[in-house]
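[1] turn this into a model:
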Amino acid sequence: MQHSTGAHSRADHRTSTVSTSPAPTLGASSQRITPDRLMDTPLPVLINELGVTLIDSDITDAEFFGAVVQRGTGELLLTMPRNRSELEHDTVARYLLAQVFDVPVPRMPAPIVTTRVSGDSDPDMGEALRRVREGGAA
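    Numbering: from 1, shown residues only. This next block holds a predicted model:
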């Protein structure tokens, strides 16, 4: 089963949708991800260490912040929209990774809400998830 994590908006509030299985299994040499490691490691290094594939999304909706999809193979795809500030990109990416790896971090401030979804049960994410799963940009 494939799972996804995404940040987007619905109606009058912004939603960060987190759809994942239990925390992905890291390689035997990997250590548990601590909040300090999650926040202090340069993002490109962190993504590489975790074996996550970063994909630039073509979704232009200003209320879409990003998504993480876990393929049936366990591979993690982090999809982030283009043309966002470095601060927004970094913050959302780290937050989504924290959700996927069950790293205890404070919740995002309102109006952003995080939701976990298994499979394709979130109709708002269905098309983006399909594209990411096929290896393309969301």
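[2] list the buried residues for the longest helix along the chain?
    Ranked by residue count under DSSP state H, the longest helix found in the chain is helix 86-100. Neighbour counts using 16 or more other CB atoms under 10 Å place His89, Thr91, Val92, Ala93, Arg94, Tyr95, Leu96, Leu97, Ala98, Gln99, Val100 of helix 86-100 among the buried residues. Glycine gets a C-beta too; all of them are placed from N, C-alpha and C.
[3] I'd assumed Thr79 was in contact with the third one.
    Read it as Val92. No: taking contacts as CB atoms under 8 Å, Val92 lies outside contact range of Thr79: 10.8 Å.
[4] shared neighbours, the two?
    Gly66 (CB atoms under 8 Å, 6 or more residues apart in numbering).
[5] hang on, the earlier thing: now the buried residues of helix 86-100 in CSV, with distance to Arg37 and pLDDT?
    As requested, the buried residues of helix 86-100 are exported to CSV (distance: CB to CB, whole Å; pLDDT from 0 to 100):
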residue, distance to Arg37, pLDDT
His89, 19, 92
Thr91, 16, 93
Val92, 18, 92
Ala93, 14, 94
Arg94, 11, 95
Tyr95, 15, 94
Leu96, 16, 93
Leu97, 11, 94
Ala98, 11, 94
Gln99, 15, 90
Val100, 14, 89
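[6] among those residues, which one sits closest to Asp61?
    Val92 (13.9 Å; CB to CB).
[7] how close does the closest one sit to Gly72?
    Distance of Val92 to Gly72, given as CB to CB, to the nearest Å: 25 Å.
[8] again, but for Thr34
    Look at Thr34 and Gly72: by CB to CB, they are 28 Å apart.
[9] follow the chain on from the helix or strand of the chain with the lowest mean pLDDT and name the next helix or strand.
    Ranking every helix and strand in the chain by mean pLDDT, DSSP states H and E puts strand 13-18 at the bottom, with a mean of 44. Once the chain leaves strand 13-18, the next helix or strand it forms, by DSSP states H and E, is helix 35-40.
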